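K.L.:
Fold the following for me, if possible:
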Amino acid sequence: MPSYKLSYFKGKGRGELARLMFAAAGKEFEDERLAGEEWLAFKPKTPYGQMPVLTVDGKMINQSGAIVRFLAREFGLYGKDNMENTRCDVILETISDIGTDMIKYFFDKDETKKAEALKTLKENSLPKFLKFLTTVLEGNGNKYLVGSDLTVADIAVFDILEWFNDAAFSGVFNDYSAIQNLVDRVKSVPNIKKYLESRPADS
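P.N.:
Numbers count the residues shown, from 1 in each chain. From the prediction side, this is the model:
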């Protein structure tokens with residue numbers, strides 16, 4: 001059995017989807033959460049001077065998207081054929097598209113830019129994203145986004161939508177019951193539920 005270690009900062013960020021993938025698959029891994037001096041000491045050892053980094057049997061993989069796709073293939077969470085693989089990729093790339101506005105809102109210290117980003121998210125980016133997901137869900141029978149089983153696509157949507165459990169986004173999801181049902185379905189997966197209940201407070 002391979003040995004896995006995921007190195008990332010404390011908190012969710014770009015490392016949380018990989019953690020959720022391990023949880024969904026019921027696979028053990030070393031969850032290394034670095035801060036301060038620990039990160040500065042580790043940084044020169046990384047392939048590109050950034051995290052997350054997944055180490056598999058001593059070999060490092062960098063870039064969050066590559067890590068997630070590796071784990072999806074490794075754990076059978078990437079669909080059953082090339083078309084389903086690609087449909088998973090479509091969801092992952094669409095999530096990436098919404099990331100720019102998210103970063104501006106959640107991390108920009110300029111209050112004016114932050115307010116503009118919030119407006120863009122609530123009036124444009126999020127509704128567009130949620131409508132797209134609803135169409136995909138309806139086209140796939142309303143249970144999962146891709147195929148007949150849980151995939152990285154479902155887990156990734158759950159992960160990204162967790163960011164919007166914020167008073168600023170109250171009511172945004174009211175017209176998207178199918179998406180809320182998907183989120184509830186993912187977090188009810190026994191292994192994921194167990195992980196969420198024991199997740200560190202800094203996540």
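K.L.:
give me the element the nearest residue to residue 30 once chain neighbours are set aside is part of.
P.N.:
Nearest residue to residue 30, sequence neighbours excluded (CB to CB, 6 or more residues apart in numbering): residue 5, at 4.0 Å. No exception for glycine: its C-beta is placed from N, CA and C like everyone else's. In the assignment (DSSP states H and E), residue 5 maps to strand 4-9.
K.L.:
How about residues contacting that strand?
P.N.:
Residues outside strand 4-9 that contact it (CB atoms under 8 Å, 6 or more residues apart in numbering): 14-15, 18-19, 22, 27-35, 39, 42, 46, 51-56, 67.
K.L.:
what residues are up against residue 94?
P.N.:
Taking CB under 8 Å, 6+ apart, we find residue 94 in contact with 129, 132.
K.L.:
buried ones in the biggest helix by length in the chain?
P.N.:
Longest helix in the chain by number of residues (criterion: DSSP state H): helix 82-107. For helix 82-107, burial by neighbour count (16 or more other CB atoms under 10 Å) applies to 84-85, 87-89, 91-92, 94-95, 98, 101-102, 104-105.
K.L.:
for stretch 136-144, same thing?
P.N.:
For stretch 136-144, the neighbour count (16+ other CB under 10 Å) marks 136, 137, 144 as buried.
K.L.:
roughly how far out does that stretch sit from the chain middle?
P.N.:
Taking CA atoms, centre = their mean, to the nearest Å, one finds stretch 136-144 lying 19 Å from the centre of the chain it belongs to.
K.L.:
and if you look at stretch 61-69?
P.N.:
Centroid separation for stretch 61-69 versus its chain: 12 Å, with CA atoms, centre = their mean.
K.L.:
Read off the pLDDT value for the residue in the chain sticking out farthest from the centre.
P.N.:
Farthest-out residue of the chain from its mean C-alpha position, per CA atoms, centre = their mean: residue 112, at 27.5 Å. Per-residue confidence (pLDDT) for residue 112: 93.
K.L.:
related to what we said a few turns ago, in strands, which of the contacts of strand 4-9 appear?
P.N.:
When DSSP state E is applied, the contacts of strand 4-9 are split such that 30, 31, 32, 33, 34, 53, 54, 55, 56 fall in strands.
K.L.:
Now do the helices in this protein.
P.N.:
Remark: helices assigned in the chain by DSSP H are 16-25, 36-42, 64-74, 82-107, 111-120, 126-139, 152-162, 177-187, 190-198.
K.L.:
Fine by me, we can end here.
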